[in-house]
Every structure is written in C-alpha cells, then in structure tokens.
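[1] using only what follows, build the 3D model:
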Amino acid sequence: MHNALLRSYLRAQSQKLFPNATFAFCLVYFLPIQGYRVMRFLGIAVLRTKRNVYHNLIKQKR
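    Down below sits the predicted model:
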C-alpha cells in the first residue's frame with residue numbers, strides 16, 4: 001500500500017519533472033530495500049540448509 005502510494009505520487013511528479021530523475025530516485029530509494037530483503041531471505045535459507053545438513057549428520061552418527 002505504501003509503495004503504491006509512493007509510486008503514484010512519483011508518477012504524477014514525473015509528468016512535471018524529468019522522468020530520468022524520478023527513475024533514478026526510484027532506483028536509489030527502492031533497490032536497497034529490495035536488496036536487503038533478498039539478502040536476508042537468502043541468508044535465512046542458507047542458515048536453514050546448513051542447520052538441516054548438520055542435524056542430518058548428527059542423526060547419521062547416532
């Protein structure tokens with residue numbers, strides 16, 4: 001919802017201003033947030049798989 005409002009606002013502004021400036025602003029503003037989400041998701045997935053492999057190794061040793 002928040003992003004949709006921001007995008008519609010930016011779209012209205014881009015008709016007044018240069019589209020390139022708005023596009024650059026979108027990239028600078030949205031990419032770090034999405035990148036952080038992706039990196040966090042990947043980190044959690046890697047940790048889960050490592051933990052699962054570790055537990056499986058312990059089970060095999062027993």
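
[2] the biggest helix by length in the chain packs against which elements?
    Longest helix of the chain, by residue count under DSSP state H: helix 19-61. With contacts defined as 3 or more Cβ pairs under 8 Å, 6 or more residues apart in numbering; DSSP states H and E, the packing partners of helix 19-61 are helix 2-16. For the C-beta atoms, the positions are set from N, CA and C on the backbone; glycine is no exception.

[3] pLDDT of the helix it packs on, averaged?
    Taken as a whole, helix 2-16 carries a mean pLDDT of 73.

[4] next: stretch 29-42.
    pLDDT averaged over stretch 29-42 gives 77.

[5] what does it contact?
    Applying Cβ atoms under 8 Å, 6 or more residues apart in numbering, the contact partners of stretch 29-42 are 3, 6.

[6] quick one: that stretch to chain centroid distance?
    3 Å (Cα atoms, centre = their mean, to the nearest Å).

[7] for residue 45, see how far away residue 11 is.
    Using Cβ to Cβ, to the nearest Å, one obtains 34 Å as the distance from residue 11 to residue 45.

[8] distance of the residue most central in space within the chain from residue 41?
    Computing the C-alpha centroid of the chain and ranking residues by Cα atoms, centre = their mean puts residue 34 first, at 2.2 Å. According to Cβ to Cβ, residue 34 and residue 41 sit 10 Å apart.

[9] do residue 30 as well
    In terms of Cβ to Cβ, residue 30 sits 16 Å off from residue 41.

[10] more crowded one of the two?
    Each of residue 30 and residue 41 has its neighbours counted (other Cβ atoms under 10 Å); residue 30 has more, 14 against 10.
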